[in-house]
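>>> Need coordinates for the following:
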Amino acid sequence: MPFTVWCNEDTPQIWAHIIRQMAGLPDGQKIIGGFDLLSSIMSAEGMKRFRAYLKDHPVMTEHQKRRAIAAFRDKYALDDEVEEELDMPGWTEDVVDEMSKTYDEDVATIAAMPGVRVLMP
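Here you go, the predicted structure:
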């Protein structure tokens, strides 16, 4: 049975894509609420500017939209919403780096499995 997965930390960036994929809608299909989660990690000013950018550029591919989302997120992200505080006894920066590397390797392994589709930003 084929199935679709994504990394939870990517959800705000790809929420509209997730909804479209799960509903079987084409990439360009307009939906309501596609940027709701993005607005939870970005400043109000950033969302205002992002929506203005979309209005000024009404014809974009999904790839172009994701690049725009990434650019606005990088500039207007709310640090408290995108930075995970890892304050665990014994967790050094090296331990966190190794865990992150292992996580990335696990995602790559899952993506290579037959019948698995990984949605990414």
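>>> And the strands in the chain, which stretches?
3-6, 116-119 (DSSP state E).
>>> Let's have those in a markdown table, adding distance to Lys48.
For the C-beta atoms, the positions are set from N, CA and C on the backbone; glycine is no exception. Compiled in a markdown table, those are given as follows (distance: least, Cβ to Cβ, whole Å):
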| stretch | distance to Lys48 |
| --- | --- |
| strand 3-6 | 27 |
| strand 116-119 | 27 |
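>>> Out of the ones you listed, flag the one nearest Gly34.
Nearest to Gly34 among those is strand 116-119 (13.6 Å), distances taken as Cβ to Cβ.
>>> Pass me the low-pLDDT residue ranges in this structure, would you?
83 (pLDDT under 70).
>>> In it, spot the helix with the most residues.
The longest helix of the chain (DSSP state H) is helix 93-111.
>>> and that helix, what does it pack onto?
strand 116-119 (3 or more Cβ pairs under 8 Å, 6 or more residues apart in numbering; DSSP states H and E).
>>> And the helices in the chain, which stretches?
Going by DSSP H, the chain shows helices at 11-23, 44-56, 62-76, 79-82, 93-111.
>>> Give me every residue in contact with the longest one, excluding its own residues.
Meaning helix 93-111. Here helix 93-111 makes contact (Cβ atoms under 8 Å, 6 or more residues apart in numbering) with 5, 7, 86, 116, 118.
>>> do you know how far the nearest residue to the fourth one once chain neighbours are set aside is from Tyr103?
Counting by Cβ to Cβ, 6 or more residues apart in numbering, Val116 lies nearest to Ile110, which is 5.9 Å off, once chain neighbours are set aside. Between Ile110 and Tyr103 the distance, using Cβ to Cβ, to the nearest Å, works out to 11 Å.
>>> what's the answer for Met47, then?
29 Å.
>>> So for these two, which sits in the more crowded spot?
Per other Cβ atoms under 10 Å, whichever of Met47 and Tyr103 has more neighbours is Met47, with 17 against 12.
>>> which residues sit in contact with the more buried one?
Here Met47 is in contact with 35, 38-39, 76 (Cβ under 8 Å, 6+ apart).
>>> with those residues in mind, which one is nearest to Gln13?
Distance to Gln13 across the contacts of Met47 (Cβ to Cβ) is lowest for Leu38, with 6.7 Å.
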